[in-house]
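*Asks:* only geometry, no sequence info:
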């Protein structure tokens, strides 16, 4: 299974960027969840099950997506290249 990087920046397969703030537990199910912040608009805070956050893109539903995972960790070097010239 893939590991999550706390304070890592992740690119969602639809294009937006998110900062992983922390891992937490769902109070009802005890399931591990990821707490992450959008790096656009209002910077809202979100929660998603860890297993879903680390899952692969459903390429049957999204056949034109080249990214393998729903959320892909990016490096500062790749972040610079994403925004170069914008």
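*Replies:* Nice, thanks for sending it over. Since this is a predicted model, take the numbers as computed values, not measurements.
*Asks:* Tell me, please, where in the chain the pLDDT is lower than the cut-off.
*Replies:* Applying pLDDT under 70 to the chain flags residues 1, 76-86.
*Asks:* switch to 80 and redo it
*Replies:* 1, 75-86 (pLDDT under 80).
*Asks:* can you give me the strands in it?
*Replies:* 9-12, 17-25, 32-38, 45-49, 71-74 (DSSP state E).
*Asks:* tell me the most buried of those strands?
*Replies:* strand 9-12 (a mean of 20; mean count of other CB atoms under 10 Å). All C-beta atoms are positioned from the backbone trio N, CA, C, and that covers glycine.
*Asks:* So which elements touch that strand?
*Replies:* Under the contact criterion of 3 or more CB pairs under 8 Å, 6 or more residues apart in numbering; DSSP states H and E, strand 9-12 touches strand 17-25, strand 71-74.
*Asks:* now these in JSON lines, with distance to residue 7?
*Replies:* Putting the helices and strands packed on strand 9-12 into JSON lines (distance: least, CB to CB, whole Å) gives the following:
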{"stretch": "strand 17-25", "distance to residue 7": "7"}
{"stretch": "strand 71-74", "distance to residue 7": "11"}
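*Asks:* Select, out of these, the one closest to residue 53.
*Replies:* strand 71-74 (5.5 Å; CB to CB).
*Asks:* Any idea what the spatially most central residue of the chain is bridged to?
*Replies:* For the chain, the residue sitting closest to the mean C-alpha position, by CA atoms, centre = their mean, is residue 71 at 3.5 Å. Counting by DSSP bridges, residue 71 is bridged to residue 12.
*Asks:* Tell me how far the closest residue to residue 13 other than its chain neighbours lies from residue 59.
*Replies:* Closest residue in space to residue 13, ignoring its immediate chain neighbours: residue 67 at 4.4 Å, by CB to CB, 6 or more residues apart in numbering. Distance from residue 67 to residue 59, counting by CB to CB, to the nearest Å: 10 Å.
*Asks:* who's more crowded, those two?
*Replies:* residue 67 (16 against 13; other CB atoms under 10 Å).
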